[in-house]
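J.: Got a sequence here, can you model it:
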Amino acid sequence: MSKTPVQPSPERIRTLRRITRHPEKVEPATRAALAKINRLRHHPDAEGLDRIRGFVEQLRATRLAPRHAVAAATYAVLNWVLDAGCLWLCFHAVSGSGVSNAQLLFAFCAGMTAGTVTIIPGGLGLIDSALILGLVTGGVTTSTAIATVVLYRIISFGFIVGAGWITWLIIRRHNRRVPAV
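T.: As a prediction, this is how the structure comes out:
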């Protein structure tokens, strides 16, 4: 996919760990904040507290070993590098003209940054516009930039969504054959 995940800061991670290990310490502040929100909504003060407690219990149940955290970070960086490589290959497939790797990387970063602020699934439209704008700003003709981005999005978004649907259909078909126990 073409989404750039938000990387939490070490301070946020430490705070989240403290909260999940000792949720009773933040419950009074949580109750107060929830009561204020519920008063604005004209709901009982404690409404939703059970859902917050359930969420905290789920967080408490998860433990990420350091080697798994390193693996996750490695896969995230690899995903970004391969995604940028896909854009680079799409550009060279569409155009014979040269553009510097820095300009392509700038366009890629602009697109991925734009994708972090969108509520549209896959950043459709917003990422595309930012990629095209980044490429055109880097000196690429508009038609080449559009063709590059369309090809890139077909590969990086379309094929992945298609593969996901095919996988879902295979799993669904397999689950129909297996009798429930």
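J.: Burial check on Phe108, number of neighbours?
T.: For Phe108, the tally of surrounding residues (other CB atoms under 10 Å) stands at 25. Placement of C-beta: from N, CA and C, glycine included.
J.: so what's it up against?
T.: Asp83, Ala84, Leu87, Leu131, Gly134 (CB atoms under 8 Å, 6 or more residues apart in numbering).
J.: Which pLDDT value goes with it?
T.: On pLDDT, Phe108 comes in at 92.
J.: Break down the chain into its helices, ranges please.
T.: Taking DSSP state H to define them, one finds helices in the chain at 10-21, 27-41, 49-61, 66-94, 101-115, 126-137, 142-153, 159-177.
J.: ranking the ones you listed by burial, who's on top?
T.: Of those, the one with the most neighbours on average (mean count of other CB atoms under 10 Å) is helix 126-137, at a mean of 21.
J.: now what about it, what contacts it?
T.: Counting by CB under 8 Å, 6+ apart, 2, 87, 91, 99, 103-104, 106-115, 117-118, 120, 142, 144-146, 148-149, 152-153 sit against helix 126-137.
J.: run the last query once more with 7 Å
T.: 2, 106-107, 110-111, 114-115, 118, 120, 142, 145-146, 148-149, 153 (CB atoms under 7 Å, 6 or more residues apart in numbering).
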